[in-house]
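> structure for this input, please:
(one chain, ligands or ions: 1)
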Amino acid sequence: MLQLGALGGLSIAVLSACSPLAAPAPTAKPWVAPNAPMPFPKGFTWGSATSAYQVEGSTRADGRGASIWDTFATQPGTIADHSTGDPAADHYRLWKQDLDLMKELGLTSYRFSIAWPRIVPLGTGAVNQKGLDFYRALIDGLLERGIKPAITLYHWDLPQPLQDAGGWANRDTAAAFAEYADILFRALGDVDADWFTINEPKTTAYVGYAYGAHAPGLRNGTAAGAAVHHQLLAHGLAVRKFRASGAKGRIGIALNLMPVYAINAAAKQAARYADGAENRLFLDPVLLGRYPTDAVGGLPGQIGLGSTAFESNIQPGDLEVISTRCDYLAVQYYGVAGMDATGTQVEIHPISRATWQQIYPQGLYDLLTRIKRDYPRIPLIITENGMPDPTADHTVDDPYRVTFLREHFQQASRAIAAGVPLEGYYVWSLLDNFEWAEGYTQRFGIVAVDFETQKRTPKKSSALLTAVIRANSVSRA
Ligand code: FCB
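Below is the predicted model:
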């Protein structure tokens, strides 16, 4: 989680790949796992996730157009190790062996994303059949191995020509996304898949448009506000296309959510506002059909998108579109934040190599039970959860990740026992990969990748996942 004070007139308290909860104080009594294994429901989905730009490589193959990450990564000073997503884990060429690996690990589902620039290289207009063929082959390969496809339509690799026209700050991008999504529903909708519209609209808006650490690298609060709204609009339009296309399967949006805990009584209001900026600004429009009134602004904890400018993006009917019924909510959970009275994030739990990540497994329980309380009835799927190795080195012995995953699985089972309708869990990530602005310096894989040879070696954490999948339960240790 990046903490920013005033940035070009913006007061952005909270930024990151993840995300407050005005809830249990950090002093809450630690939960202790029972001795007996903790079960998951029959048919629970167990998978691992990747995204196109982070693993595929081959960024110029078979008619793929340029994406904003191709552009951003080649600008000086953007990526920690000066790398790009090419070759990444070379998954575009090695996908068959990766599917075999997934089968060996016992995954019941694989979450991957489709690269928009492979399908519609210029963002709008001509369709690239070779791009469709690649994903068709990948999906068929999954089905042959008995693995269910879980398909993200947009995981940050916007076609560059759309960025040249303003990207997500431009309302037209929402319409272009709906057209792109429709192409995929018509081409691949015969498959029983779980679909996800947009991956983490918050990260794109805050980190990409306000803070500038991700593509497209803008530092513009007004554009960030527009990017929030237009991504959510794009999501709703795509869900409508999905229903109209008659595609099989189910659809929802993938939101990165984060409990925010007030560190003392004086911080309660700021934590509430930060919860708005981190969570409710995305949950409420999608699930309740309205924006919260306390998330955007200049008060401690709020996100400084300029509230008037933000509201000027909203046209009549937009919230009806955005709240078009979804089949589930995809939750991405990495950790929590403490919040002080000034609206500054405070470290209340250990951080990982990803300094935005405060590790607190119980936060997952808090988050899931809170969603059930405030947004009842919507089924939930955890589509990302994981942590990086402590160094950039190739590592296969990862006891910290074994503990991390075990403790988070326990909290998920605990939440299910408390009545949370959680249906699946995807670990981030299957493979070490291109971790955005961190390049190859943060390895989130349960399978190690030697980036010189592209050799894959399962880490110890993958054996834990396999054992949990087999037993469909997680034991105490
Ligand atoms: C999430 C992103 C994913 C990966 C993890 C570590 O925010 O969706 O691509 O970078 O963080």
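
> can you pull out the helices in the stretch 51-200 of the chain?
With DSSP state H, counting those that start in this stretch as the criterion, the stretch 51-200 of the chain has helices at 52-55, 68-73, 91-105, 116-119, 129-144, 160-164, 172-188.

> residues in the chain within reach of the ligand, list them.
Residues of the chain lying near the ligand by CB under 6 Å from any ligand atom: 17, 51, 54, 199-200, 203, 256, 384, 428, 435-436, 444. Where C-beta positions appear, they are placed from N, C-alpha and C, glycine not excepted.

> just how off-centre is stretch 203-212 within its chain?
14 Å (CA atoms, centre = their mean, to the nearest Å).

> make that stretch 292-310, sorry
For stretch 292-310, the distance to the chain centre is 23 Å (CA atoms, centre = their mean).

> span of that stretch from start to end?
12 Å (CA to CA, to the nearest Å).

> can you give me the buried ones in that stretch?
Neighbour counts over stretch 292-310 (16 or more other CB atoms under 10 Å) mark 292, 294-297, 300-307, 310 as buried.

> could you do stretch 146-157 as well?
The neighbour-count check on stretch 146-157 (16+ other CB under 10 Å) flags 147-157 as buried.

> which of those residues sits closest to T74?
Nearest to T74 among these is D157, at 14.1 Å by CB to CB.

> who's in contact with the residue lying closest to that closest one once chain neighbours are set aside?
What sits nearest to D157 in space, not counting adjacent residues and going by CB to CB, 6 or more residues apart in numbering, is S67, at 3.9 Å. Residues near S67 by CB atoms under 8 Å, 6 or more residues apart in numbering: 53, 59, 115-117, 157-160, 215.

> ditto for A187
With contacts defined as CB under 8 Å, 6+ apart, the neighbours of A187 are 132, 136.

> just the one 10 residues further on next, same as before
Applying CB under 8 Å, 6+ apart, we find T197 in contact with 153-154, 181, 234-235, 238-239, 251-254.

> who wins on neighbours among these?
Counting neighbours by other CB atoms under 10 Å, H235 comes out on top of these with 33 neighbours.

> so it touches V286, yeah?
Yes - counting by CB atoms under 8 Å, H235 touches V286, with 7.0 Å between them.

> overlap of the contact sets of these two?
With CB under 8 Å, 6+ apart as the test, H235 and V286 both reach 253, 322.

> narrow the contacts of T197 to those in helices?
Those of the contacts of T197 mapping onto helices are 181, 234-235, 238-239, per DSSP state H.

> now pLDDT too, for the residues you listed, in JSON lines please.
Listed next are the ones in helices among the contacts of T197 as JSON lines, based on pLDDT from 0 to 100:
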{"residue": "A181", "pLDDT": "99"}
{"residue": "A234", "pLDDT": "99"}
{"residue": "H235", "pLDDT": "99"}
{"residue": "A238", "pLDDT": "99"}
{"residue": "V239", "pLDDT": "99"}
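
> dump the residues you listed to a markdown table, plus distance to M339.
Formatted as a markdown table, these follow (distance: CB to CB, whole Å):
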| residue | distance to M339 |
| --- | --- |
| A181 | 36 |
| A234 | 30 |
| H235 | 28 |
| A238 | 33 |
| V239 | 33 |
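
> closest to the ligand out of the residues you listed?
H235 (15.3 Å; CB to the nearest ligand atom).

> so what does L368 have for phi and psi?
phi -60, psi -40 (degrees, to the nearest 10).

> dihedrals phi and psi, M38?
Dihedral angles (degrees, to the nearest 10) for M38: phi -100, psi 120.
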